[in-house]
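[1] Structure for this input, please:
(one chain, ligands or ions: 2)
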Amino acid sequence: METTEPRTDMPPQYDPRATEAKWYAIWLERGLFHSEPTGSVLEPFCIVMPPPNVTGVLHIGHAFTFTLQDVLTRRARMQGFEALWLPGTDHAGIATQVVVERELAREGLDRREMGRDAFLERVWQWKERYGGRIVEQVQALGSSCDWDRLRFTMDEGLSRAVRVAFVRMFDDGLIYRGERIINWCPRDRTALSDSEVEHEEVDGELVTFRYELSDGGGHVNVATTRVETMLGDTGIAVHPSDERYAALVGATVRHPFDGRDLPVVADAAVDPSFGTGAVKVTPAHDPNDFEIAERTGLPRLNILNADATVADTAPEEFRGLDRYEARKRVTERLRDLGLVIAEERPFRHAVGHCYRCHSEIEPWLSGKQWFVAVDRLRAPAIEASEDGRIRFHPERWRNAYLEWLRGLRDWNISRQLWWGHRIPVWYCPNGHEFASIEDPTECPECGAGDLEQDPDVLDTWFSSQLWPFSTLGWPDETPELDFYYPTTVLVTGYEILYLWVARMIMSGMYLVGDVPFRNVLIHGLVRDAQGRKMSKSLGNVIDPLDMIQEYGADALRYALARMAGPEQQNLPLSTEGIEAARNFANKIWNGARQVLAAYAPREDGEPHLPSPGDWTLTERWVLARHQACLDEVNAAMDAYRFDEAAQTLHRFFWSELCDWGLEAEKRRRATGTDPERHRASEVLAWVLERTLRLLHPFMPFVTEEVWQRFGGERSAAGVESIVVAAWPEPHPEHQDSDAEEEFDFVRELVANVRGIRGIIGPGRYLLVVGDRLEQELEPLREAVERLGGAALAPLGEADPTGRYVRLSVSGREARLKIPEGFEPTGAVSLRRKRLEGTRSKLEASERKLAGESFLSRAAPEAVEKERRKREDLAAEAAVLEDQIGLLESLGG
Ligand SMILES: [Zn+2]
Ligand SMILES: [Zn+2]
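    Ligands and ions are numbered 1, 2, ... in the order given. Next comes the predicted model:
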């Protein structure tokens with residue numbers, strides 16, 4: 001008879017599919033995500049979205065970082081900031097060019113045959129057709145970006161920003177062209193910056209071989225992991241104070257294959273304690289050798305083609321061989337000549353790999369490349385981080401970033417691609433060279449009209465380093481730039497801290513004169529449940545779009561946010577975690593169905609709080625817990641502890657509001673007249689509405705769907721959506737330690753009774769308490785009896801022949817009379833048997849963990865798993881022992 005009829009307009013299952021697309025369209029249509037600079041009216045809050053590649057498909061890493069950015073933006077918007085989350089996409093030089101080239105290949109076309117202009121036209125067509133996909137996917141996640149301000153790194157404004165930045169740096173002497181050893185990807189056939197090279201250990205080889213002195217009077221031994229580069233050796237270097245070789249400096253050795261004489265030179269960069277103390281010098285294929293050659297005057301000999309085959313500069317027998325083939329052939333020939341001293345294979349050492357295609361990088365002299373000189377850019381960037389104008393969260397990243405910045409070398413910005421910002425430098429037939437913002441028609445120095453533009457394009461990071469201000473209108477002095485810059489916080493993964501974050505800081509300081517953002521939030525990486533990287537080959541990829549389809553965006557967002565603590569480097573995600581989050585969305589829906597069952601929404605939709613004198617103990621407790629929840633959520637979110645905020649909200653909503661608050665007030669909300677029932681729902685409804693607002697940044701859709709049920713005329717009160725509702729203000733006066741103490745006592749008492757019932761089984765229980773306690777429990781008698789499953793009885797009714805369990809809760813005593821006729825022997829023997837099984841498993845696990853062979857051979861994850869198993873078994877055994885103790889105390 002105590003049924004509260006749930007709201008008839010709310011079906012028992014929450015259906016995200018019926019909700020999410022609907023609300024997103026409404027939010028867009030009402031322009032709720034749009035932001036305008038308000039001058040001094042409101043405080044700005046701004047996040048620029050790290051632009052995903054325009055070729056990209058939303059992956060779980062995107063879903064994670066965008067969730068965090070949206071949580072921060074939505075909360076700031078509700079807090080009354082003029083909040084802007086500025087979205088965009090990146091043209092992604094290599095990635096996009098490769099995608100379109102592949103498409104062409106299927107049609108039997110080749111970009112080189114098409115020519116540059118026709119190819120670029122194809123890329124733009126591709127971008128128009130598919131570039132919107134990633135945007136739609138970001139929207140499906142519920143992201144509250146200002147789409148009116150969507151930018152693309154190659155759009156007109158941003159392209160102009162790139163030119164202005166380049167020309168300013170060029171004219172300022174910060175950009176120069178030079179011959180340097182660059183990182184060359186032979187597969188993508190482009191240069192890469194140092195940060196785009198991933199260093200990985202590989203099983204290679206170390207070959208030590210001998211160069212005979214030209215005069216036949218001895219030899220010098222050298223060692224190398226890339227023996228094929230000896231085809232390009234032009235000298236031998238030793239340390240100037242290395243006495244072993246002092247007599248050889250100035251002599252020459254003879255190249256065994258082509259008879260060239262290579263001078264022995266002295267250079268302080270050689271480490272005399274390493275290897276033989278003598279090094280072969282290959283200036284065109286090693287950055288250190290290049291510098292030695294610069295200082296000692298050794299010539300450069302480039303023996304590789306762009307695809308890493310041996311060039312025609314090498315002896316004929318090696319020409320055209322692939323680098324790995326050449327490596328074998330050179331060793332064989334050296335062996336034949338009796339020059340090999342030692343071969344170590346496998347030899348484990350670090351080799352640079354291309355971050356895109358994973359080919360081994362070839363340090364290579366590829367002709368002239370453009371560089372940014374970093375010396376003058378670096379100092380202000382370091383200063384801004386040291387004096388706290390930029391704060392890193394967690395702070396330890398600051399040191400990593402500073403260390404990297406201090407060791408930074410000049411940045412190679414030219415790429416041998418067609419898709420990208422073409423370098424705005426022109427050459428005239430008379431040898432003049434100049435940079436220009438506008439396409440020039442004649443040489444400013446000699447007036448010649450026959451100009452040629454540099455064929456290379458700029459590194460993608462050159463344009464994305466301008467992102468925090470180019471998207472706000474720079475180089476123009478726009479109201480947006482004035483209002484939103486410096487932006488509030490940059491949210492990104494640690495893998496692009498150097499590639500991108502450091503460069504934005506340098507360019508922001510140099511071009512705008514201020515930091516690009518005040519905070520940098522560096523988050524971890526989403527992994528699979530076992531902590532492994534998600535990859536196609538492991539088959540453990542979680543596709544966010546599938547997850548949204550199946551569980552809803554709210555579930556995915558909540559599952560991601562609840563992992564995001566500042567110290568969490570690896571975030572283990574499983575579909576079970578997303579399922580659990582979906583269950584939480586359902587719980588929110590169902591809790592609301594219950595609360596709103598007897599609640600009559602007011603005309604303005606604003607829930608009303610009855611006066612404090614009318615609050616029941618449960619209501620006082622719920623209000624106090626809600627206030628504590630608000631404080632905890634605020635503190636956690638201010639410190640970017642998304643995990644704590646999400647978990648606090650889960651605990652409050654599920655266990656405090658629903659399991660206890662709603663349950664304890666169930667009878668009251670179910671009986672009496674409609675106004676009485678409405679009154680019994682008012683406090684809960686007030687708390688529910690505020691909790692929805694706290695949950696909204698995490699789960700925007702289900703919260704909106706429920707929130708709208710507080711009254712259809714909310715827009716009349718000036719609030720049309722929870723998106724723009726105010727963030728709940730604190731009510732410190734709701735703190736109530738008396739209510740918490742009393743209510744917690746009841747919770748503990750009920751939990752104790754339930755625990756015993758769980759062991760003994762169903763039946764008629766009697767909870768016998770003293771007079772004073774009975775009085776105290778009176779207001780909650782119905783809830784205690786229903787939730788505990790035991791009738792409350794005064795001491796006088798205790799039956800001396802019955803069997804009792806003594807309960808002691810917070811120093812107060814009660815006795816629980818167990819059902820008559822209960823026979824503990826069966827229950828005891830059942831548990832003894834189980835305990836035996838558990839103990840033998842526990843011993844087996846302990847033996848395993850004590851064994852040397854397991855610990856030394858098993859993978860660390862397997863050891864960890866076994867340790868957890870041991871703990872679980874030990875806990876299980878302890879519980880069984882307790883239960884047996886309890887049952888035995890009841891006597892047989
Ligand atoms: Zn590559
Ligand atoms: Zn000229």
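[2] ranges for the helices of the stretch 501-650 of the chain?
    For the stretch 501-650 of the chain, helices defined by DSSP state H, counting those that start in this stretch occupy the ranges 503-507, 544-551, 553-561, 575-595, 617-638, 642-650.
[3] Quick one: closest of the ones you listed to ligand 2.
    Ligand 2 lies closest to helix 503-507 among those, at 30.0 Å (C-beta to the ion). (C-beta placed from N, C-alpha, C; glycine too.)
[4] I'd like to know which elements that closest one is packed against.
    With contacts taken as 3 or more C-beta pairs under 8 Å, 6 or more residues apart in numbering; DSSP states H and E, helix 503-507 sits against helix 375-386, helix 460-464.
[5] Using CSV, write out the CA atom coordinates for that helix.
    C-alpha atoms of helix 503-507 as CSV (Å, rounded to 0.1, in the frame of the first residue of the first chain):
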residue,chain,number,x,y,z
ARG,A,503,55.8,26.7,-28.5
MET,A,504,52.5,28.4,-27.8
ILE,A,505,54.1,30.0,-24.7
MET,A,506,57.1,31.2,-26.7
SER,A,507,55.1,32.6,-29.6
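[6] Run the chain-centre distance for it.
    21 Å (C-alpha atoms, centre = their mean, to the nearest Å).
[7] Reformat the helices of the stretch 501-650 of the chain as JSON lines; add mean pLDDT and mean neighbour count.
    Below are these laid out as JSON lines (pLDDT from 0 to 100; neighbours: other C-beta atoms under 10 Å):
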{"stretch": "helix 503-507", "mean pLDDT": "95", "mean neighbour count": "26"}
{"stretch": "helix 544-551", "mean pLDDT": "95", "mean neighbour count": "19"}
{"stretch": "helix 553-561", "mean pLDDT": "97", "mean neighbour count": "28"}
{"stretch": "helix 575-595", "mean pLDDT": "95", "mean neighbour count": "21"}
{"stretch": "helix 617-638", "mean pLDDT": "97", "mean neighbour count": "21"}
{"stretch": "helix 642-650", "mean pLDDT": "97", "mean neighbour count": "22"}
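[8] want to try TSV for those, with distance to ligand 2 as columns?
    As requested, the helices of the stretch 501-650 of the chain are exported to TSV (distance: least, C-beta to the ion, whole Å):
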stretch	distance to ligand 2
helix 503-507	30
helix 544-551	54
helix 553-561	57
helix 575-595	63
helix 617-638	59
helix 642-650	58
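[9] Format those as JSON lines; extra columns: distance to Glu774.
    Formatted as JSON lines, those follow (distance: least, C-beta to C-beta, whole Å):
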{"stretch": "helix 503-507", "distance to Glu774": "68"}
{"stretch": "helix 544-551", "distance to Glu774": "47"}
{"stretch": "helix 553-561", "distance to Glu774": "43"}
{"stretch": "helix 575-595", "distance to Glu774": "29"}
{"stretch": "helix 617-638", "distance to Glu774": "15"}
{"stretch": "helix 642-650", "distance to Glu774": "35"}
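[10] Nearest to ligand 1, out of the helices and strands packed on helix 503-507?
    Of those, nearest to ligand 1 by C-beta to the ion is helix 460-464, at 13.8 Å.
[11] got the contact list for that closest one?
    51, 90-94, 153-154, 158, 161-162, 165-166, 193, 195, 413, 415, 420-421, 470, 499-500, 503-504 (C-beta atoms under 8 Å, 6 or more residues apart in numbering).
[12] try it again with 6 Å
    For helix 460-464, contacts defined as C-beta atoms under 6 Å, 6 or more residues apart in numbering pick out 90, 93, 153, 162, 413, 421, 503.
[13] Ligand 2 contacts on this protein?
    Counting by C-beta under 5 Å from the ion, the chain comes close to ligand 2 at 428, 430, 432, 443, 445-446, 448.
[14] From the contacts of helix 460-464, which land in strands?
    If you go by DSSP state E, the contacts of helix 460-464 have nothing in strands.
[15] Hmm, which of the residues you listed is lowest in pLDDT?
    Least confident entry in the contacts of helix 460-464, by pLDDT: Gly93, with 80.
[16] Does it touch Arg422 like I think?
    No: using C-beta atoms under 6 Å, Gly93 is not in contact with Arg422; the gap is 11.3 Å.
[17] Those two: which has the busier surroundings?
    Gly93 (27 against 19; other C-beta atoms under 10 Å).
[18] which residues touch that one?
    Contacts of Gly93 by C-beta under 6 Å, 6+ apart are 415, 417, 419-420, 460.
[19] ok, the closest residue to Asn586 other than its chain neighbours - contacts?
    Closest residue in space to Asn586, ignoring its immediate chain neighbours: Tyr14 at 5.0 Å, by C-beta to C-beta, 6 or more residues apart in numbering. Counting by C-beta under 6 Å, 6+ apart, Tyr14 touches 585-586, 589.
[20] I'd assumed Glu113 was in contact with Phe119.
    No: with contact defined as C-beta under 6 Å, Phe119 does not reach Glu113; the gap is 9.5 Å.
[21] The residue of the stretch 701-850 of the chain found nearest ligand 1 in helix, strand or coil?
    For the stretch 701-850 of the chain and ligand 1, the shortest gap (C-beta to the ion) falls at Phe701, measuring 40.7 Å. Put simply, Phe701 is helix when judged by DSSP: H, G, I helix; E, B strand; the rest coil.
[22] Hmm, it is touching Asp554, no?
    Yes: the criterion here is C-beta under 6 Å, and Phe701 meets it with Asp554 at 5.1 Å.
[23] thinking again about what came up before, could I get the contacts of Gly93 as JSON lines with pLDDT and neighbour count?
    Formatted as JSON lines, the contacts of Gly93 follow (pLDDT from 0 to 100; neighbours: other C-beta under 10 Å):
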{"residue": "Arg415", "pLDDT": "88", "neighbour count": "27"}
{"residue": "Leu417", "pLDDT": "86", "neighbour count": "22"}
{"residue": "Trp419", "pLDDT": "89", "neighbour count": "29"}
{"residue": "Gly420", "pLDDT": "90", "neighbour count": "25"}
{"residue": "Thr460", "pLDDT": "89", "neighbour count": "28"}
